[in-house]
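K.L.:
Provided below for reference: sequence and predicted model.
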Amino acid sequence: MSRMPDSRSLPPIALSLYRIVIGFLMAGHGASTLTGFPVKPTGPTLSPTTWPGGVAAALQLVFGLLVMIGLGTRVCAVILSGTMAYAYFSVHQKHALLPMANGGEPAALFSWSFLVIAIIGAGPVAVDALLARSRSDHAESARSTRPSRSSSATVPGTD
């Protein structure tokens, strides 16, 4: 019978769920801007080579997916945080000072959300964590298969 997570394991799992949802939302935003899927964007779809909107949408799609699966999470999150900060200050700030007045709440929220993910990391449910465990297991098995120095075997050149 499966048990509910205890209080010590719940926060790391919640961090992973937070990262997955934020990455999914960002990837969806980028996909929408580039392709009109899953929903039509508020403006026209853009080519990924169009500066700055198309390039930003390509970054949102690719890095949003990487954050969602937890691969290269911290680097991708820093890039997305900066992209959203750039969007806020270059697109929204000129209309009004406060995010509620200039339509920049989503950009501000995404910027801070990705900054939090960059600082805290991916959490336990991530490809990054799986790769780290795999490297650790591989290093541990390599250490256990090496002959120890206290072995009675002779070392060449020490006879």
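P.N.:
Looks like it came in fine. Numbers count the residues shown, from 1 in each chain.
K.L.:
CA atoms for contacts and neighbours, from now on please.
P.N.:
Will do.
K.L.:
I'd like to know how far Ile13 sits from Met26.
P.N.:
Remark: distance between Ile13 and Met26 (C-alpha to C-alpha, to the nearest Å) = 20 Å.
K.L.:
Let me fix that, I meant to ask about Thr33.
P.N.:
For Thr33 relative to Met26 (C-alpha to C-alpha), the value is 11 Å.
K.L.:
more crowded one of those two?
P.N.:
Taking other C-alpha atoms under 10 Å, Thr33 and Met26 do not tie; Thr33 has more neighbours (28 against 25).
K.L.:
Against which helices or strands is the strand or helix carrying that one packed?
P.N.:
Remark: Thr33 resides in helix 10-35, with elements defined by DSSP states H and E. Under the contact definition 3 or more C-alpha pairs under 8 Å, 6 or more residues apart in numbering; DSSP states H and E, helix 10-35 sits against helix 53-69, helix 105-120.
K.L.:
ok, the most centrally placed residue in the chain - contacts?
P.N.:
With distances taken as C-alpha atoms, centre = their mean, Val67 lies nearest the centre of the chain, 2.4 Å away. Val67 is in contact with Arg19, Ile20, Gly23, Thr73, Cys76, Ala77, Ala122, counting by C-alpha atoms under 8 Å, 6 or more residues apart in numbering.
K.L.:
what's the third one in contact with, if anything?
P.N.:
To tie it back to what came earlier, the one meant is Gly23. If a contact means C-alpha under 8 Å, 6+ apart, then Gly23 has Phe63, Gly64, Leu65, Leu66, Val67, Met68 as its contacts.
K.L.:
Tell me which residues touch the closest residue in space to Leu25 that isn't next to it in sequence, please.
P.N.:
Distances taken as C-alpha to C-alpha, 6 or more residues apart in numbering put Gly64 closest to Leu25, at 7.7 Å, once the chain neighbours are dropped. Each residue near Gly64 by C-alpha under 8 Å, 6+ apart is listed here: Ile22, Gly23, Phe24, Leu25, Met26, Ala27, Cys76, Leu80.
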